[in-house]
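> Give me a model of this one.
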Amino acid sequence: RVGHMRDYYNACEISPVPTPGPDAGAPEPFRGIYGMPAFVRIPTADLAASVEFWTRGLGFIELFGTDQVVHLRRWAFQDVLLVPAASVPEQTPALSVSFSCVLNQVDGIVEACRALRPNSVDGPRDTPWNTRDVEVITPENARIVFTAAKPWDPASREARDLAAVGITHPDARGDNGEHA
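Next up is the predicted model:
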């Protein structure tokens, strides 16, 4: 089934994700306090080991922590709460959680995670929706995907496939001032 997007507009200004490109720079970790529009809660049997993997391997910072919760963050709106648990799932669920990154961070994430847990990384691989993704299985058996937007190539298959469902590059649509 192919749907068609009709009622959307460019709202990139509310996102910390930079415009895709080979030289796109990642935002600094966001240390502000805000009402989180979404977050991930991950149970862990070893809070210290989990904090080490998420900070050294995945590039999160420890915003704050107690013996009951450690709040981790990368960019704004990339929040993870690690919470103590008696055990973690033995099998990794099919469900994944994705976090944006930039292309020049992908190799570093792969190297850092493999240094901490050699068999934790799958990828990177390019997707049909114009990203380069790397999948990481954390010590808690969570499936985390880091996804970096690739530069827009209007002649690419990805661009044609997206255009077929009504998704075009924001510059091709013109300004939609009523939503700005």
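> so where do the strands sit in the protein?
Taking DSSP state E to define them, one finds strands in the chain at 40-44, 61-65, 70-73, 79-84, 97-101, 121-126, 131-137, 143-149.
> For the third one, what is the distance to the chain centroid?
What separates the centre of strand 70-73 from the centre of its chain is 15 Å, taken as Cα atoms, centre = their mean, to the nearest Å.
> Figure out which of the strands of the chain is closest to residue 28.
strand 61-65 (9.5 Å; Cβ to Cβ). No exception for glycine: its C-beta is placed from N, CA and C like everyone else's.
> Counting neighbours, what do you get for residue 18?
16 (other Cβ atoms under 10 Å).
> show me what contacts the residue lying closest to it once chain neighbours are set aside?
Of all residues not flanking residue 18 in the chain, residue 24 sits nearest, at 4.5 Å (Cβ to Cβ, 6 or more residues apart in numbering). Residues near residue 24 by Cβ atoms under 8 Å, 6 or more residues apart in numbering: 18, 102, 103, 104.
> quick one: residue 24 from residue 139, how far?
Taking Cβ to Cβ, to the nearest Å as the measure, residue 24 falls 30 Å from residue 139.
> same question, residue 49
6 Å.
> By residue count, which helix of this structure is the longest?
Counting residues, the longest helix found in the chain (DSSP state H) is helix 103-116.
> which residues are in contact with that helix?
20-24, 26, 52-53, 56-59, 101, 120-121, 123-124, 132, 134, 136, 146, 148-150.
> Near the nearest residue to residue 144 once chain neighbours are set aside, how many other residues are there?
Distance criterion Cβ to Cβ, 6+ apart; nearest residue to residue 144, sequence neighbours excluded, is residue 136 at 4.8 Å. Using other Cβ under 10 Å as the criterion, residue 136 is surrounded by 25 other residues.
> so residue 136 touches residue 60, yeah?
No. In this structure, residue 136 is not within contact of residue 60 by Cβ atoms under 8 Å, at 11.9 Å.
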